[in-house]
Each structure stands twice: as structure tokens, then as C-alpha cells.
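**Q** Sequence below, structure please.
(2 chains)
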Amino acid sequence: MTTKKEEEKISTLLEDLTSLESYARDLFSFLPLPVCLVSSVGIILEVNPAFENITGYNIEEIIGKPAEDILVKKEFEELAKETLGKGYVRAKELIIFTKEKKEIPASVSTILRKSEEGEIIGYFVGLFDLSDIKKTEKDLKSAQIALLNMLEDVEEARGRAEEEKNKTVAIINNFTDGLLVFDPENKLSLINPQTEKIFDIKQRDIVNRTLQELKTFPTIEPLVLILLKETKEISRKEIQLKENLVIEISSVPILKGEEKLGNLIIIHDVSREKLIEKMKTEFVSISAHQLRTPLSAIKWTIRMLLDGDLGELTLEQRDFLEKTYRSNEKMISLINSLLDVTRIEEGRYLYKPALTEIEPICQFVIKSYEEEIKRKNITVDFKKPEKRLPKIMMDVEKIKLAIQNLLDNAVRYTPPGGKVTITLKYGKKEVGFSIKDSGVGIPKEQQSRVFTRFFRGANVMRMDTEGSGFGLYIVKNIIEAHGGKVWFESEEGKGATFYFNLPTKEEFAEFLKEF
Amino acid sequence: MTKKIILVEDEEIILNLLQRKLTLEGYDVLIAKDGEDGLKKMREEKPDLVLLDIIMPKKGGFEVMEEMQKDNTLKKIPIIVISNSGQPVEIDRAQKLGAKDWLIKTEFDPQEVIEKVKKQFSASE
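**A** Numbering: from 1, shown residues only, chains lettered A, B, ... in the order given. Predicted coordinates:
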């Protein structure tokens, strides 16, 4: 029998127990960590709300289920074994399967639970969701990989840039042309070995200097003078540096988008080309001279025969000889044109320009064509201004030849009954000449080549086999050697108008200064 | 008195032609086929006129003229140059060396040479 006192004590103890139980339950429910109680045979006996949350099962579904349902079987077996043996497991990383079969990485800890009698009831399994940590870890990892990749890319790009730079430097150094690079302040920033060779100068002596400073180096001075004068792009300007050294200079801006990074000067050695050109011209010149000797012998012989100096001729003999004489004359005139062309190319063409009036020259040339004009029944109209034209500086023979070539073309390619108009005009700075014909004209597609050597219109080739193809080339060179300009307008079938301007004395003097 | 002309020319045909033409005109014509021979004959014969080619073997026309300039007995003899070429530079040079006229063979006929010769003699008379 128990005493009242004992009863009271028991009652107090029971109360304590109840409150302890409620404390444990509250704590269990409140605990944010998922926890479950698993029996010694692996059946889930109890779970807290956090456990329900993480697994997705509600308490009714999960209680009584084997724990291996939510864990990898093999892993769970090891976990159970270790717990039962050792009494606990600390923070083991395992995979939890939710109701939706989602895998959640978790850190699992266990602790054995025994009854008062020391009998094993089961064990608590506490989980710690690692997915956030894992995710962060994964993010970090990928960030790290990305970073490493970037570093690798940067390294690679640097390598490539280095290689590219080496390549560029190698190209510049091995380039057969001389190269000079000026920065935007017009200071020399680099030259290649070829430039050093051409100007007999060392990079270290001249680099970082301005054009003005470079002027003091005698070997490079001719180039510097041109660069100082010419601010725009230069295209293939020729300079003779030494007896056997002729170079061609080109200058191009180095642009990056709109920004100008400097200027590139390219020096091309054309000495060999010049030499070959000279040899070719000399060859033609000598051959033409040699050809003239027999041609003049033929000319004189036929002339004497025709003059009857060697006895009377029959009509037939005379006819043949006259034709031969004319062919020979054509040959002579062709050879003369050829010589004119070689002289143009040798650059020794103009001879002692003098102040002369152009009008009498025109008159003279027209007069020399009188017969031909009459024969072809062509009207030649000569329009000159009322005011007397000023004298201009010219090599009379050459201007005569130019006008003669133009008139010859006009008369030759104008059909009988046609008209040729020559006009002289006086401008402020120049005297203008034009010759208009009503001839066959120049085919449009050929117009760009009119002033080149050997040019012959496709339409005139069919109608006329004469003409050397030198005429207009000679005209252009004569006019340009006087500082003038030559051009034309033409429509096939409607005729052509050729124009040239010659500068007045002052302008001509300016022009000559450039040489 | 018959005028004496020396013809210095290496081209056989031209030489024959001119010799024939000039002889027909009544001149006394001597020929030389190179510059050296030409100078030798000039010294021996003292001609009234020299017709002179420029490009010739042994001695060219310019050298002949230079030597004539140095020689007081030859200095006064009028010269007409007959050449294949006729560049202004050459003509200037010949004028300075005393040439009275310059004929480019391809541009003249033999008859015109005769005219020039006649003109030369009438001018000097």
C-alpha cells in the first residue's frame, strides 16, 4: 500500500514526466533539422515536421515504412550497422530520396537509443540538407572553372597576340620594300632593315625624330623633302637617289576606323625596272636610227630614178616607183614616231621652250594639209579670238607635231564632205585649243585607252590600216611636258573633239619648278 | 672656176647618188668614206665646200668639224651636214662648230641637197 505521501510524490513525478514528454515533443516538432526514429530493424517509427518537409511524405505515409525507402539501400545498411555497433554516426554524406524521387544530398548523423533496461529500441537519424551548400559549392566550382577558362583564354589571346606581333615584325623586317612608320605627331616610329639599306642609315640614329630633324640626315633628305611638301597620300612618286638607285615612294595613312594611327611610307626599289626600261628605249632608239639609214638610201634612189637622173622611165615603171616611194615615206614617218616615243620615254623631249604665239603654228599646220583637205572635200574652219593671243612658252617643233597629229587624225577619220573646226581661246591662266571633227568618233568602251601607246580605235582599224597608234600618245606627252592638259569628248559615229590647254608663261615657270 | 666639193659619207648609195647629182650639176666632186680620209683629202685639195655625214667609221662628223676648227686652212670651208638624225641638240652643236646647214636625209630629196649647195655658193660669192 502506498502512503498518501508516496502518492503525492508519484503524482508529482507523473506530472514532471508529462511535462518532460511535452517538452521533448515540442522540441522535436520545433527542431528545424529533419529527424526520425528508426527501429533496430530499420522501420521508421517517428518523424518530425522538418522530416516531412524534406522528404515530401506526411507522417501517416512514412511511419512504419522501412528507412531504406528513403535512402540508398546499401548506404542505409552500412549506416545501420555502424550505428548499432558503435552507437552513433557523425555527419555522413548520403543521398535522400523524396516521395517525388528527387535526390537530396544530406549530411546524416545517428545516435542509438536504448530503453532503461539497456535494450536497443532503435536510433535517431538526423539529416542536414546539403543541397544549398552543394549548389553553392557547385556554383563556386563552376565559377572557378569559368575563371580558369577565362584565364586560359586570356593567356591564349596573349599568346596569339604575341605570335601575331612576331609575325608582323617578321613581315616588316623581311619585306622587300623599305617601310617607315610615322606616328600621328609625325615622329618616325619604326623602319625596317630594307629602309636602312636603301638610305644607308641606322634605325637607332633616326627613330623618334620628327621630319624636320630627319632633314639633317643627307641620305634620307630627298625623301623627307617630299614628305614635308606632300601632306596628302603619295602614290608611286619616283626619286633618283643615286646614279643606279631609283625608288618609288608611296604614303598611306594607317587608319583604325576613324582614328589615324600614323603614316606608312613604302619605298619600292625600281632601279632594275628603270634600267630595263632604259635598255628597251635605247634598243628601240638605236634600231630606229639604224633603220633610217637604208630608208633614206631607198628614198634618194627612187627620187633620182623618178627625176629621170638615171634615164627615162616608162609610165608603168614610174607608177611602181611612185607607189614604192610613198610606202617608203610611210615607213619613215613611222620610224620618226617611234623615235619620238623613245625620246618621250627617255625624258629628254622638250627642247629650249621659247615664248611663241600659237596661232601661226596652227596656220602653218593647216596649210601643210591643204592638199589632203581639198582631196577629201573637207571644210576646215579656224576660229580664233579677236584679241591677240598672248605668247606662251613652248617647244615650237613639238607643239607643231602635236597639232599636226590632231589635225591628221581629224582629217583622216572624217569622211569626204565633212567638217573640221579648230578653235583657239584665251583663258586667265592658259591658252585653249580644240579641234572638232564630224568623223567616225571613238567607241565608248575604248575611250579610256585613247592616249595609250599603240591605241587604235576598233572602228578605224576596219576602215583604215594606216596609223601607228603613237599619235595621241605623243600629243599627250607633248602637252603634259608643257604643263598642259589634254582631253576629248566623242560619240561613235558623231565625231570627236580634242582639247588641250597650255599654261601662260607664269604658270609654265611654276610648272618647271617642280623638276 | 669649177667649185670643188668633198663628200664625206660612208653609205655607198648616198655617196654614189650625190656624186652623180653634183657632177651632173658641173661640180668637181671628191669622195671620202670616213672622217679620217675626209680630213686628209681636205688638207690636200682645199675644197670650196664639204658635205659631211655624222655617224661614220674611224672619225665621226663632229670630230671632223672639231679638227677643222683647229686647222686655220680648213676653218673657213663651209660645211653642210647630211645626217640620218636631226635632234635640236645635235644641230646646235654643229652650228657652233661652223656648220652652215643641216639636212636630215629622210626629210630631204637629193635635188634639195643640190639647192642647198647652190644656195651656199651664191651666199659666199
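**Q** residues in contact with the residue of chain B found nearest chain A?
**A** Nearest residue of chain B to chain A (C-beta to the nearest C-beta) works out as B:K105 at 3.4 Å. Just so you know, the C-beta spots here come from the backbone N, C-alpha and C atoms, and that holds for glycine as well. Counting by C-beta atoms under 8 Å, 6 or more residues apart in numbering or on different chains, B:K105 touches A:R292, A:T293, A:S296, A:K299, A:W300, B:I14, B:I82, B:S83, B:N84.
**Q** What lies in contact with the helix or strand harbouring A:S250?
**A** Per DSSP states H and E, A:S250 falls inside strand A:245-256. Contacting residues not belonging to strand A:245-256 are listed as A:178, A:181, A:198, A:223, A:226-227, A:230, A:233-241, A:260-271, A:274 [C-beta under 8 Å, 6+ apart].
**Q** what kind of secondary structure is A:L502 in?
**A** Using DSSP: H, G, I helix; E, B strand; the rest coil, the structure places A:L502 in strand.
**Q** Is it in contact with A:P390, as I believe?
**A** No: the pair A:L502 / A:P390 is not scored as a contact, 10.5 Å apart, by C-beta atoms under 8 Å.
**Q** In terms of packing, which of those two has more residues around it?
**A** Taking other C-beta atoms under 10 Å in any protein chain shown, A:L502 and A:P390 do not tie; A:L502 has more neighbours (23 against 13).
**Q** helices or strands up against the host helix or strand of A:E93?
**A** Following DSSP H and E, one finds A:E93 within strand A:88-97. In terms of contacts (3 or more C-beta pairs under 8 Å, 6 or more residues apart in numbering or on different chains; DSSP states H and E), strand A:88-97 is packed against helix A:73-86, strand A:103-114.
**Q** just the ones you listed: most buried one?
**A** strand A:103-114 (a mean of 17; mean count of other C-beta atoms under 10 Å in any protein chain shown).
**Q** So what angle separates the directions of that one and helix A:73-86?
**A** For strand A:103-114 against helix A:73-86, the angle by axes from the mean of the first three to the mean of the last three C-alpha atoms, to 10 degrees is 30 degrees.
**Q** Residues in contact with strand A:103-114: which ones?
**A** Residues outside strand A:103-114 that contact it (C-beta under 8 Å, 6+ apart): A:37, A:54, A:79, A:82-84, A:87-98, A:120-131, A:134.
**Q** Which helix or strand lies directly C-terminal to it?
**A** Immediately after strand A:103-114, counting by DSSP H and E, sits strand A:120-129.
**Q** Give the buried residues for that next one.
**A** Buried residues in strand A:120-129, counted by 16 or more other C-beta atoms under 10 Å in any protein chain shown: A:G122, A:Y123, A:F124, A:V125, A:G126, A:L127, A:F128, A:D129.
**Q** Neighbouring strands - and their directions - for that strand?
**A** Applying DSSP bridges, strand A:120-129 is found paired with strand A:35-39 (antiparallel), strand A:103-114 (antiparallel).
**Q** can those go into TSV with extra columns for distance to B:V89?
**A** As requested, these are arranged in TSV below (distance: least, C-beta to C-beta, whole Å):
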stretch	distance to B:V89
strand A:35-39	121
strand A:103-114	104
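**Q** what sits against the closest residue to A:R449 other than its chain neighbours?
**A** Nearest non-adjacent residue to A:R449, counting by C-beta to C-beta, 6 or more residues apart in numbering or on different chains: A:F455, 5.2 Å away. A:F455 makes contact with A:Q446, A:R449, A:G469, A:L472, A:Y473 under the criterion C-beta under 8 Å, 6+ apart.
**Q** Which single one of those is nearest to chain B?
**A** A:Y473 (19.6 Å).
**Q** Hmm, that closest one is touching A:F451, no?
**A** Yes: taking contacts as C-beta under 8 Å, A:Y473 lies within contact range of A:F451: 6.0 Å.
**Q** Which one's more surrounded, those two?
**A** Legend: neighbour count by other C-beta under 10 Å for A:Y473 and A:F451, higher for A:Y473 (21 against 18).
**Q** can you tell me which residues contact the more buried one?
**A** A:Y473 neighbours (C-beta under 8 Å, 6+ apart): A:V341, A:I344, A:F451, A:T452, A:R453, A:F454, A:F455.
**Q** Show me which pair in these is furthest apart.
**A** Maximum pairwise distance among the contacts of A:Y473 (C-beta to C-beta): 14.8 Å, between A:I344 and A:F455.
**Q** Let me know the helix or strand that the nearest residue to A:E466 once chain neighbours are set aside is in.
**A** Spatial nearest neighbour of A:E466, chain neighbours left out: A:K330 (7.0 Å); criterion: C-beta to C-beta, 6+ apart. Secondary-structure assignment from DSSP H and E places A:K330 in helix A:315-346.
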